[in-house]
Each structure stands twice: as structure tokens, then as C-alpha cells.
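K.L.:
What would the 3D arrangement of this be:
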Amino acid sequence: MDRSALRLLVLGDSLGSGTGAARPADALGPRLARALGEGGFDVDLHVLAVPGAVSAGLADQVRRALPLSADLAVVVIGANDLARFVPAEQAATALAAAVTALRAVGTDVVVVPAPDMSMVPFVPPALRALVRGACAVLQQRQSDVALTGGATVAPVAAEVARAFSADPALFSADRFHPSSAGYARIAEVLTPFVLAAARARRDDAAA
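P.N.:
Next up, the predicted model:
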């Protein structure tokens, strides 16, 4: 591993691993790494996200992450907690533990709260308000524990939902996961938060 590079981890679920992207390079992690590269960083990327993971699964991912002594971790989690009706408090507690463990070894963390699942095409229109409300509850609890644990929160769910609702091509063929174009849109709105965290870490190291 190049110790001079910014060591970037992506933890979480299928959104973090890139399910639905046509090519590995189109997934979220590689897109964020390229954006950081364009921002002047050499990046050493490790994608530890696991498709289907709920927040409780972050514990195993963090155990794999700790030996890497990463500079920055992006945690994308919550969709499967919602799909499997995991209580928001239970999911948030697991996220809090992951953030605490990463911060304890000096890794900066950007948490991407759960997506707004009401945008998924097969959610019946009559249920979308209910689904949106459940998502908002989890997003708020995730944001609270992330901030308390010293992480940065990237509140991109609403902007992503508007984009996906307006353009069906942002979904892959399964009409659930993003397509390559969808990942491009997610990376676009997420990049400013990740880049800001990387720059803040660099500035702190230089001070």
C-alpha cells in the first residue's frame, strides 16, 4: 500500500459496492477516487462494502478496515435496514459503533444516510409518503449518531431522490440499484463532501 496516498475506504451495502454498475470503474468508490484525484490527491482505494448489508454488518467491515489505517472512510448504509424493517434505533446504534471504532484509529468518516426509498419504481404511489417518512426517521437518527461520533454527514438523499424520480435511466435493469449513470449522479452530489473531508484532513496535517 502506498503510504503517501490518501487511503480511502468505502463501507456499507450494495450502493457502496457498486451493484448495478455496468463496469467496476462506474461504481461509487472508483468514481470518488477519480474525483479526489482530480482534486489533487493520490488515492489508495479499498471497497469493503457488502451487497445486502444492514447496519449491523458494519462491525465485520470495520474489523477488516482497521488494519488498513485509512485516512478517510465513506459509509453508505441504510437501504437494507429499511427494506428489512430493522428498527431505526437499532440501525443507528450499529452505525454509531462503526463510526466510533473508525474515529478511534484516526480515520475520518463521511456518513451517507439511507436513501429515500420512495423513489424506487415499484413502490406503489399510495405508499410513497409512508415510505418517505420511515426513511426520514432513519436518516435523522443516522445523522445524529454520526455527528455525535465525530463524522461528517452527507445529506444527499433528497437530491438523489429527485434525480432518480425524474430519470428512470438512473436505475439499472432491476429497477432498484443505480445504473452506471445513476452512480455518476450519486458521486456528483457526494463528491463535495468527500473532497471537503479530504482537504480538511490534509490541512490539519499541514498545520
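K.L.:
mind listing what the spatially most central residue of the chain touches?
P.N.:
Centroid-nearest residue in the chain: V76, 2.2 Å away (criterion: C-alpha atoms, centre = their mean). By C-beta atoms under 8 Å, 6 or more residues apart in numbering, the contact set of V76 is V10, L11, G12, D13, L15, G16, L28, A49, V112. For every residue, glycine as well, the C-beta is placed using N, CA and C.
K.L.:
same question, V189
P.N.:
V156, E159, V160, A163.
K.L.:
Flag the shaky bits of this structure, pLDDT-wise.
P.N.:
1-3 (pLDDT under 70).
K.L.:
Which other helices and strands does the longest strand along it contact?
P.N.:
Of all segments of type strand in the chain, defined using DSSP state E, the longest is strand 6-12. On a contact count with 3 or more C-beta pairs under 8 Å, 6 or more residues apart in numbering; DSSP states H and E, strand 6-12 meets helix 28-38, strand 43-47, helix 58-65, strand 72-76.
K.L.:
for the ones you listed, which one ends up most surrounded?
P.N.:
Across the helices and strands packed on strand 6-12, averaging neighbours per residue (mean count of other C-beta atoms under 10 Å) puts strand 72-76 on top, at a mean of 27.
K.L.:
Identify the neighbouring strands of that strand in the sheet and state each direction.
P.N.:
If you go by DSSP bridges, strand 72-76 pairs up with strand 6-12 (parallel), strand 108-112 (parallel).
K.L.:
got the angle between it and helix 28-38?
P.N.:
Angle, strand 72-76 to helix 28-38, by axes from the mean of the first three to the mean of the last three C-alpha atoms, to 10 degrees: 140 degrees.
K.L.:
hang on, the earlier thing: just the angle between the longest strand of the chain and strand 43-47, please?
P.N.:
Using the same axes, to 10 degrees: strand 6-12 against strand 43-47 is 20 degrees.
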